[in-house]
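A.B. asks: Output the structure for:
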Amino acid sequence: MDGEIQIQKAYESILSNDFEGAIEWFEKAIEAEPDNASYHYKLSFTYARNIKISKALQHAETASTLEPDNETYLYHLTTLKAKALVAEADKYLQQTVEQFQTAVALLKQAAALDPLSVEAQVGLAAAYAGIDDYSSALVAVKEALRLNPQHELAAAMLKQYRKRLR
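C.D. replies: Numbering: from 1, shown residues only. Predicted coordinates for the structure are as follows:
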């Protein structure tokens, strides 16, 4: 039995804002066709929308393994890895200097994986500020504002860090 019927049901669930239902239908589609990379990608995307990054990563990796030449799947996997690093780095913010330094390292990796990640740049700015490196914090927050000029937190951080450097 192919999984197209389950995929259709999953999309119907999404249109009804029933994301948990959509996840169940995507999982049923994968049970029907476990080697269908598209199904894993769709489930991964749904998990990511619901902030279930570890499960999203698992299915994104499966999709990329099944179709290693698919750039869409690879890009999705890369951005999820960046999100996971940002989430991990957040645990280290507002801690000891050593933990801020760990956050800086993780957020640099996240920014390298996903150069369009505003969250990585904002987190990096906060981590640099945590170790009193306001010059580097300014560079990161300016990059965040370059990526999203309307980012209110980044704009506030820019003002704060400029004052610190005076």
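A.B. asks: CA only for contacts and neighbour counts going forward, please
C.D. replies: Fine.
A.B. asks: So residue 111 sits against residue 120, correct?
C.D. replies: Yes: counting by CA atoms under 8 Å, residue 120 is a contact partner of residue 111 at 5.5 Å.
A.B. asks: So which of those two has more stuff around it?
C.D. replies: The neighbour count for residue 111 versus residue 120, taken as other CA atoms under 10 Å, is higher for residue 120 (31 against 23).
A.B. asks: and the longest helix anywhere in the chain, what does it pack onto?
C.D. replies: Across the chain, the longest stretch assigned as helix under DSSP state H is helix 71-90. Judged by 3 or more CA pairs under 8 Å, 6 or more residues apart in numbering; DSSP states H and E, helix 71-90 is in contact with helix 53-66, helix 97-113, helix 118-130.
A.B. asks: I'd like those helices laid out as a markdown table, including mean pLDDT.
C.D. replies: Below are the helices and strands packed on helix 71-90 laid out as a markdown table (pLDDT from 0 to 100):
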| stretch | mean pLDDT |
| --- | --- |
| helix 53-66 | 96 |
| helix 97-113 | 91 |
| helix 118-130 | 94 |
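A.B. asks: Please tabulate these in a markdown table, including the columns distance to residue 27.
C.D. replies: A markdown table is the format used below for these (distance: least, CA to CA, whole Å):
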| stretch | distance to residue 27 |
| --- | --- |
| helix 53-66 | 10 |
| helix 97-113 | 28 |
| helix 118-130 | 30 |
